[in-house]
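S.K.: got a predicted model here, sequence first, then my questions.
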Amino acid sequence: MLWPARLPRPSSKGDPASLPGWKILLCVQVMAAPEVKPFQVIQKVDSGASFEVWRSPTGAMRLDWNRQGVVLETMLGFGSHEFATVILRRWEASRRGGLQILILNDFWEMPNYDSGFRILQQEWALKNRSSLVQPLHIVTRSKLVSMGTAVVNLALGGIITVHTQRQTFDAEVKKAGLTPNPQIPFPSTT
C-alpha cells in the first residue's frame with residue numbers, strides 16, 4: 001500500500017533544500033508474498049469419450065461431462081493450479097460448443113489447494129458468467145475449502161450452493177445426468 005507523507009525540508013542558509021516547501025515521500029508497506037508451490041507435473045492417466053483422469057504427485061482429478069453442458073470435477077488430495085488449467089479447457093470446450101455449463105465440484109476428498117487452483121477457476125467464471133447454469137454446486141467437508149468457496153461465492157454474487165452432506169450433492173449430480181462419486185485412483189507415494 002502506498003501513501004504520501006509530507007515532510008518539511010531541512011533549513012540551512014545557502015542550501016537549495018532550505019527553500020520553503022514540502023518534500024513528498026512515498027512510504028511503502030511491504031506485505032509478505034503468498035507462498036508459491038513449485039510446479040507440479042500432472043499427467044493424464046485415463047480417458048474416454050466423456051471423462052478424463054489426471055494425477056499429480058499429491059493429488060488426482062477426474063472430469064466427467066455430458067452433451068448437455070454438465071461438468072463434474074472430482075478432486076482427491078491436493079488441488080494444484082495445474083489441475084485448474086485442465087478444468088478450464090473442458091469448461092471452455094463446452095462454452096465454445098454453445099452450451100450453458102452446469103459446474104459440479106466434488107471436493108469431498110480435497111483437504112487443501114494452492115491459491116491458483118481457486119483463482120483460475122474464479123476468474124474464468126467471472127469472465128464467462130453468462131455461460132453458467134446457476135447455481136453451481138460444490139460439496140466439501142474441509143473447513144479450508146469451505147472458506148475459499150465463500151470467497152469465490154462472494155466474488156460471483158452468491159451463485160454457489162455449498163453442500164456439506166454427500167447425499168444432497170449426489171442427488172444434484174444424478175439429476176444432471178452423471179454418476180456421483182466416481183472412483184479415481186490416488187497417486188502412489190513411491
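M.R.: Ah, there it is.

S.K.: measure N181 to E109 for me?
M.R.: 9 Å (Cβ to Cβ, to the nearest Å). (Glycine included, C-beta is placed from N, CA and C.)

S.K.: give me the common contacts of the two.
M.R.: T74 (Cβ atoms under 8 Å, 6 or more residues apart in numbering).

S.K.: from what I can see S47 touches V53, true?
M.R.: Yes - using Cβ atoms under 8 Å, S47 is in contact with V53, at 6.9 Å.

S.K.: between these two, who's got more neighbours?
M.R.: Counted by other Cβ atoms under 10 Å, S47 and V53 do not tie: V53 has more neighbours, with 21 against 11.

S.K.: element containing the more buried one, please.
M.R.: According to DSSP states H and E, V53 maps onto strand 51-55.

S.K.: need the three-state assignment for the residue nearest to the spatial centre of the chain.
M.R.: Note on the chain: the residue nearest the mean C-alpha position is R118, at 1.3 Å, using Cα atoms, centre = their mean. Three-state call for R118 (DSSP: H, G, I helix; E, B strand; the rest coil): helix.

S.K.: quick check: the closest residue to it other than its chain neighbours vs T85, distance?
M.R.: Counting by Cβ to Cβ, 6 or more residues apart in numbering, R118 lies nearest to G148, which is 5.0 Å off, once chain neighbours are set aside. Distance of G148 to T85, computed by Cβ to Cβ: 18 Å.

S.K.: poorly predicted segments of the protein, please.
M.R.: For the chain, applying pLDDT under 70 flags the ranges 1-40, 185-190.

S.K.: which residues in it form helices?
M.R.: With DSSP state H, the ranges of helices along the chain come out as 81-96, 115-127, 143-155, 166-175.

S.K.: buried sites along the first one?
M.R.: Neighbour-count burial for helix 81-96 flags 81-84, 87-88, 90-91, 94-95 (criterion: 16 or more other Cβ atoms under 10 Å).

S.K.: likewise the shortest one?
M.R.: Neighbour-count burial for helix 166-175, with 16+ other Cβ under 10 Å as criterion, is recorded at 169-170, 172-173.

S.K.: could you list the alpha-carbon positions for it in PDB?
M.R.: The C-alpha trace of helix 166-175 is given here as PDB (Å, rounded to 0.1, in the frame of the first residue of the first chain):
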ATOM      1  CA  ARG A 166     -22.700 -36.000   0.400                       C
ATOM      2  CA  GLN A 167     -26.200 -37.200  -0.400                       C
ATOM      3  CA  THR A 168     -27.600 -33.800  -1.300                       C
ATOM      4  CA  PHE A 169     -24.700 -33.200  -3.700                       C
ATOM      5  CA  ASP A 170     -25.000 -36.700  -5.200                       C
ATOM      6  CA  ALA A 171     -28.700 -36.100  -5.800                       C
ATOM      7  CA  GLU A 172     -27.800 -32.900  -7.900                       C
ATOM      8  CA  VAL A 173     -25.200 -34.900  -9.900                       C
ATOM      9  CA  LYS A 174     -27.800 -37.700 -10.700                       C
ATOM     10  CA  LYS A 175     -30.400 -35.000 -11.600                       C
END
